[in-house]
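Asks: Sequence and predicted structure, then a few things I'm wondering about:
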Amino acid sequence: MMLASDDEGGHIFDAKVGTDYELHKALEVGDVIRAFGHYNDASTSKFSLNIKGANNLYLLHVDFRPWGDVLVLNSNQPGVGWQAEVRPAFVKSKLESAKIFAVSVEVMEGEYKISFNGEEVGKFPQRQDIKLASHIVLHGGSNGFEWKAAQLPPAVAGPGLSKPCVTGDKVYFDNAPEVDDIITVWVSSRISHQRSV
């Protein structure tokens, strides 16, 4: 899996577990949030992508539980607690050992569409107004699992979240580059350098 570029729908940035990444404008229909993780093996405990609001409001909790062959979708409202879960079919065999995967949430009219590596795995109703979303946060993982990066829509991300370029960074591809593929690298001056393979 190649981490998508900033030109493909938003700013990619290094993402760490438990860090609130602020949304700089309200989410709207058509917005897509992505997170990229590195799955190690079946000993990995649960991990989640969350869209949150103020006062510990979870508008959407996308919780992968590989040990139980389940994906749990839910919301949590302060003073009310966790609500009825939605559990779409998701088998842990979709998670490949030592591979990068992508999970995405697309804001639809009245619901969220959740995809895993580009394949829709479930939908979840918007139980709260999407305008209440103020940040995303990634949780969980163990035994070698790591969240690597996240991607927010350009207008939502705000300044300063682009993934930094560091000498020695690795980019993961599903397939080997082919003749006529173009790899684009941005340097600090924001000048694009391209190289044909």
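Replies: Done, it's in.
Asks: Okay, strands next: where are they in the protein?
Replies: 11-14, 21-22, 32-39, 47-52, 58-65, 70-77, 81-82, 99-107, 111-116, 119-125, 135-140, 146-152, 182-186, 192-196 (DSSP state E).
Asks: Next, the angle from the fifth one to strand 47-52.
Replies: Computed with axes from the mean of the first three to the mean of the last three Cα atoms, to 10 degrees, the direction of strand 58-65 lies at 180 degrees from that of strand 47-52.
Asks: and the one residue sitting closest to the centre of the chain, what are its bridge partners?
Replies: The residue lying closest to the centre of the chain (Cα atoms, centre = their mean) is residue 35, at 1.8 Å. Bridge pairing for residue 35 (DSSP bridges) gives the partners residue 103, residue 150.
Asks: Quick one: end-to-end length of stretch 48-66, please.
Replies: Stretch 48-66 has an end-to-end distance of 11 Å (criterion: Cα to Cα, to the nearest Å).
Asks: For burial, what's the neighbour tally of the residue nearest to residue 98 when sequence neighbours are not counted?
Replies: Spatial nearest neighbour of residue 98, excluding adjacent residues (Cβ to Cβ, 6 or more residues apart in numbering): residue 40 at 6.6 Å. C-beta coordinates here come from the backbone N, C-alpha and C atoms, glycine included. Residues near residue 40, counting by other Cβ atoms under 10 Å, number 17.
Asks: Could you check how far residue 40 is from residue 142?
Replies: Residue 40 sits 9 Å away from residue 142, going by Cβ to Cβ, to the nearest Å.
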